[in-house]
Structures are given as structure tokens and as C-alpha cells.
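K.L.:
Got a sequence here, can you build the structure:
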Amino acid sequence: MNVNQAPLKTDENQPGGVLQPPPESGRISPSSDFLRRVQAETGLNLSACYACKKCSNGCPVTFAMDLYPHQVVRYVQLGLAERLRDSRTIWVCASCQTCLTRCPNDVDLPRLMDYLKENVTRDKKPVPEERTRLFHTLFLRDVSRRGRVFEGSLMTRYLIRSGGLFGPEAIKNARLGLAMLKRGRLKLLPAGTRDRAWLKALFP
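P.N.:
Got it, this is the predicted structure:
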């Protein structure tokens, strides 16, 4: 079994219009250690997944993924943590919950994706989607401070860190922000939450 096989994608320049999967990259030695650790830290029962592929068939963003959602679970089951670390899929996932809704065994894939994101973020190693990781980090940092997201501050910090504040789309972003402000979709001042106990528990 080639567990490193990428999804087949169409290409009009290839015979038959289909890209062939990459060759076998070497044998693997499956280990359940990573699976046990993930299940213990998330409370998920990933062993319940039997690869029916309903999650992958219903996912709206598989066109941008290098691994299908059901393959991510399979990689965890096999203990292929390093290969997941280099995957684009965990950052592409939109957490739309479609996979969870379709899963016959209620395997919470969005929660697994969030767990994998946090593990990679803590390691501070390069990832295929650096801008997405930056937004992910800034978003959670904003929530940890106030319990809510302040879009004005979040987007300003993101654009500065990603180089978009003074880039070619700066005027477009400014116009969009002004339009949102006029429609009451963007606040001038941040709002917080009075109950901070849950924040301390969520972000120790």
C-alpha cells in the first residue's frame, strides 16, 4: 500500500488528462504511539475511522489539498507524524464541519486538524502555508486577550506581518475596511468579555 499517494488531479498535458501518483517513496514502519498520543490529548476516537471516504467526498476544498481528509486520519493511525507536518491539507481545511456531519462514526476531523496545526505551530518549523499559519496564530492570540476577535487590529497586524499593508492590494484592503466600517461590520474599538475564567482555562 502506498500511503504517500497524493490525490489524482487532472492535467490536460498528461496522457488521458490525469496526473499519475508519485512513485513509492520507501517502506514505512507503522507505529501506534502517535495515534495513542493524539487520542489521549484530543479525546477523539480516530480508531473508529474505517476510511469510508465520506469526509473526502463531501469536502469542498479537496482541490487545494495534497492529502484527502480520510488520508490524514490514516496517517495518524500509521504514526506518520512527520509527513503530516509537511502537509498542506491541515492548513487548507476550512473547519466547515461537513466531514463531521457526514461521518458515520462521528470522527471530529476539524478538531484533529486544529490539533495538528497547534503541534506544528509550537515546533516553529516551516510549513507549506506560512501566511495561513500566521493568520491562525494572530487570530488565537487575539481571542486569548479579549475572548473575542477585533477585526481591525487582527487584519492590520496580519497585513503588516505578511507584507500586504503597503503592497499592491493596500488600496483595495483600505476600501474594503472602509466599506465594512460604514455598514457596521467593523468596529473602531475592541470589545471584550466579562467572564475571563474560561479564557484562563482555554489559554493557560
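
K.L.:
from here on, contacts and neighbour counts on C-alpha atoms
P.N.:
Noted.

K.L.:
what packs against the helix or strand containing residue 75?
P.N.:
Assigning secondary structure by DSSP states H and E places residue 75 in helix 69-78. On a contact count with 3 or more CA pairs under 8 Å, 6 or more residues apart in numbering; DSSP states H and E, helix 69-78 meets helix 33-42, helix 54-58, helix 81-85.

K.L.:
Can you point out the buried residues in the second one?
P.N.:
Applying a neighbour-count criterion of 16 or more other CA atoms under 10 Å, the buried positions in helix 54-58 are 54, 55, 56, 58.

K.L.:
Also the longest one?
P.N.:
Buried residues in helix 33-42, defined by neighbour count with 16+ other CA under 10 Å: 34, 35, 36, 38.

K.L.:
Give me the contacts around that helix.
P.N.:
The contact list for helix 33-42, computed with CA atoms under 8 Å, 6 or more residues apart in numbering, reads 44, 45, 46, 76, 77, 78, 79, 80, 81, 111, 112, 115.

K.L.:
let's see it at 10 Å
P.N.:
Residues external to helix 33-42 that are found in contact with it (CA atoms under 10 Å, 6 or more residues apart in numbering): 43-47, 73-81, 108, 111-112, 114-116.

K.L.:
got it, and the second one?
P.N.:
Contact partners of helix 54-58, identified using CA under 10 Å, 6+ apart, comprise 62, 67-71, 97-104, 107, 109.

K.L.:
change it to 6 Å
P.N.:
By CA atoms under 6 Å, 6 or more residues apart in numbering, the list of residues contacting helix 54-58 from outside reads 68, 69, 99.

K.L.:
Reformat the residues you listed into TSV and put pLDDT and distance to residue 165 next to each item.
P.N.:
Shown next, in TSV, are the contacts of helix 54-58 (pLDDT from 0 to 100; distance: CA to CA, whole Å):
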residue	pLDDT	distance to residue 165
68	95	34
69	95	34
99	95	35
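
K.L.:
Can you tell me the element the residue positioned nearest the centre of the chain falls in?
P.N.:
Closest to where the C-alpha atoms of the chain average out (CA atoms, centre = their mean) is residue 91, at 3.1 Å. Residue 91 belongs to helix 89-92 when assigned by DSSP H and E.

K.L.:
Return that helix as CSV; C-alpha atoms alone will do.
P.N.:
The C-alpha trace of helix 89-92 is given here as CSV (Å, rounded to 0.1, in the frame of the first residue of the first chain):
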residue,chain,number,x,y,z
THR,A,89,-4.1,19.9,4.0
ILE,A,90,-4.1,20.8,7.7
TRP,A,91,-3.8,24.5,6.7
VAL,A,92,-6.3,24.4,3.8
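
K.L.:
quick one: the very next helix or strand once past it to chain centroid distance?
P.N.:
Counting by DSSP H and E, the next helix or strand C-terminal to helix 89-92 is helix 98-102. Chain-centre distance of helix 98-102: 16 Å, with CA atoms, centre = their mean, to the nearest Å.

K.L.:
Show me how far whichever helix or strand comes after helix 98-102 is from its chain's centre.
P.N.:
Helices and strands here follow DSSP H and E; after helix 98-102, the next one along the chain is helix 109-123. Centroid separation for helix 109-123 versus its chain: 7 Å, with CA atoms, centre = their mean.

K.L.:
Report the rounded mean pLDDT for helix 109-123.
P.N.:
Mean pLDDT, helix 109-123: 90.
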